[in-house]
Structures are given as C-alpha cells and as structure tokens.
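Undergrad: Fold the stuff below for me.
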Amino acid sequence: MMKTIGIIGGMGPMATVDLMKKVILATDAREDQDHIPILVDNNTNIPDRTAAILGKGESPLPELMKSAERLTNGGADFLIMGCNTAHYFLPLMLPYLKIPVINMIEETAKFCAKEGFRKVGLLASAGTCKSGI
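TA: Now for the predicted structure:
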C-alpha cells in the first residue's frame, strides 16, 4: 500500500503547486492509480517566515501546526514542506507532530554529500540566509 504525502503549503501557493508537480513527474506511473496519494493544505494564513526570523513579524508556528494537524487528521502518513525558510521552525514543530516529516534541508545536504558536491549555489530568502538553515 502506498503512503499518502501531506504537503504543508501556501508559502507561496505556486511553490506548493510546483512541489506537487515535481512529485507527480518523478513518479513512475502508467495510469492514475499508480500515482502517490497527496493531500495539500494550501494555508495562505501562514505568516511570513522571514519577517518572523528577523523579529519583525508574528510566528508562523501556530498556522504551520494547524496545517500539520489537518493533514494528519486527513490521513497523511508523512509531511513535506516546499518552503526552505519554513524549515527553520521544524525543530519547534517536531515534538508535537504525530507523523514523520521529510526535512528538505537535511535530504538535500545528504544528496550533495553523497554526490561529492563541495560547493553549491543557493537562491534563498533573507530569512533562510540569516537563520543558517
């Protein structure tokens, strides 16, 4: 039985669509039923992550947790987020989550190390850069 992905989205909405599209395109599927089930919470109420990191805005944590809870209750087996900057708040979320999260930052670092990349380019928000994630 295939696991169901839960996407914490809305940061921005088109990035969420892009992430879902990438999952679909990377899936070796010949028919609809071969695709991975995906639940998406396109939560556009999540406050700006960079503003929060820079101390100029409210924490996105409550809305991130609402999304995680909705996806968990909806049947997701694990969670992903397409927003690099939101991963700064992941350590604060983990103790309260009931299902695992695939950490995009950690997985990217593992991939780069495995492939022997010594330098990589990064396009990121000021929050991502300032936070050091």
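
Undergrad: Relative to S59, how far out is the residue nearest to P100 when sequence neighbours are not counted?
TA: Leaving aside its chain neighbours, P100 sits nearest to F78 (4.6 Å; criterion: C-beta to C-beta, 6 or more residues apart in numbering). In this view, the C-beta of every residue, glycine as well, is placed from N, C-alpha and C. Here F78 is placed at a distance of 24 Å from S59 (C-beta to C-beta, to the nearest Å).

Undergrad: cool, and T16?
TA: For T16, the distance to S59 - C-beta to C-beta - is 20 Å.

Undergrad: residues contacting the residue nearest to the spatial centre of the chain?
TA: Centroid-nearest residue in the chain: M81, 0.8 Å away (criterion: C-alpha atoms, centre = their mean). By C-beta atoms under 8 Å, 6 or more residues apart in numbering, the contact set of M81 is 7-9, 11, 87, 90, 101, 104.

Undergrad: any idea which helix or strand of this protein has the worst average confidence?
TA: In the chain, no helix or strand scores lower on mean pLDDT, DSSP states H and E than helix 126-131, which sits at a mean of 84.
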